[in-house]
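Asker: Would you be able to build a 3D model of this:
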Amino acid sequence: MPDSIIRRFIVEADGGSRGNPGVAGYGALILDRETGRVLAERAEPLGIASNNVAEYSGLIAGLALALRLAGVQPVDVEARMDSKLVVEQMSGRWKIKHEDMRRLAQDAKQLAAQILEAGGTCRFSWIPRERNTKADRLSNLAMDGQSIDRLVPQDDTPQDDTPRDDTVQDDTAQDADVQTSNHTSKPHERSPPAPLAVRPGLQTRASGSGSYWPATV
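Answerer: Coordinates of the predicted model:
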């Protein structure tokens, strides 16, 4: 990790669709990796959308939130999701077949590129569903119609019980079927929140692979 890194964030993100496509929403939060404290939360309804659109929207919102908290400082970001599809596609190991998913993946990669440009690092990790309950709760609130966008006062923030530098479960421990409960459908209707602007041609790095790709899909 570069010596210039002064903050370390964990992004936890999720999204869901009741009907797939159906009423959809996403949730994302930022944890301080050193203390485990929640720093910020975001949730937003998406109208009618597929589960995959909602999950990518959660990742985009989480990365944008990390950039917002980091400001101009370099930051180490680990984005954790229980969606094997999104993690494998963002890590460059699985192809992206659908045009809607390519657009969303490019939006997320552009945000990751902006983190790198500022001198930080960004990687993507799969976690079991039971370790992603905070983001799942936020996405369900979004599907219920709630919008949340808040920074959490640190004196009121409960400690997270997730081990700080634990090893993320290996992807091979989960079946290759990328469908999670409630999900399997083509994206529909509303678009996710617009990402922050990124200069053309920037590159991002996949988690653990050391490989780079252009910020176009």
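
Asker: okay, CA-based contacts and neighbour counts for the rest of this
Answerer: Will do.

Asker: What score does the closest residue to residue 128 other than its chain neighbours have for pLDDT?
Answerer: Using CA to CA, 6 or more residues apart in numbering and skipping residues adjacent in sequence, the residue nearest residue 128 is residue 82, 5.4 Å away. We have a pLDDT of 98 for residue 82.

Asker: Got the phi and psi for residue 82?
Answerer: Phi and psi for residue 82, reported as degrees, to the nearest 10, are phi -90, psi 10.

Asker: so how many other residues sit close to it?
Answerer: Close neighbours of residue 82, defined as other CA atoms under 10 Å, add up to 25.

Asker: Over to residue 116?
Answerer: Neighbour number of residue 116 under other CA under 10 Å is 20.

Asker: Would you confirm that it belongs to a strand?
Answerer: No. Judged by DSSP: H, G, I helix; E, B strand; the rest coil, residue 116 forms no part of a strand; its state is helix.

Asker: on that earlier part again, test my guess that the residue nearest to residue 128 contacts residue 133.
Answerer: No. At 9.8 Å, residue 82 does not count as touching residue 133 under the criterion of CA atoms under 8 Å.

Asker: shared neighbours of these two, which are they?
Answerer: Applying CA atoms under 8 Å, 6 or more residues apart in numbering, one finds that no residue jointly contacts residue 82 and residue 133.

Asker: so where is the chain shaky, pLDDT-wise?
Answerer: Regions of the chain meeting the criterion pLDDT under 70 cover residues 1-3, 155-217.

Asker: Phi, psi for the nearest residue to residue 4 once chain neighbours are set aside please.
Answerer: Leaving out its chain neighbours, the residue that sits closest to residue 4 by CA to CA, 6+ apart is residue 74, at 6.7 Å. Here is the backbone geometry of residue 74 (degrees, to the nearest 10): phi -70, psi 140.

Asker: roughly how far apart are residue 74 and residue 114?
Answerer: To residue 114, residue 74 is 10 Å away according to CA to CA, to the nearest Å.

Asker: quick revisit: just want to check the distance between the residue nearest to residue 128 and residue 4.
Answerer: Remark: distance between residue 82 and residue 4 (CA to CA) = 30 Å.

Asker: what do you get for residue 118?
Answerer: 10 Å.

Asker: Am I right that residue 64 is in a helix?
Answerer: Yes. Membership of residue 64 in a helix is supported by three-state DSSP.

Asker: ok, residue 4 - how many residues close by?
Answerer: So residue 4, with other CA under 10 Å, has 12 neighbours.

Asker: Assign it to helix, strand or coil.
Answerer: Assigned by three-state DSSP, the conformation of residue 4 is coil.

Asker: Buried residues, stretch 23-37. List them.
Answerer: Buried residues in stretch 23-37, counting neighbours by 16 or more other CA atoms under 10 Å, are found at 23-33, 36-37.

Asker: Identify the farthest-apart pair in those residues.
Answerer: 23 and 33 (32.4 Å; CA to CA).

Asker: what does whatever helix or strand residue 150 lives in contact?
Answerer: Under the criterion of DSSP states H and E, residue 150 resides in strand 148-151. Applying CA under 8 Å, 6+ apart, the contact partners of strand 148-151 are 39, 40, 41, 42, 43, 44, 142.
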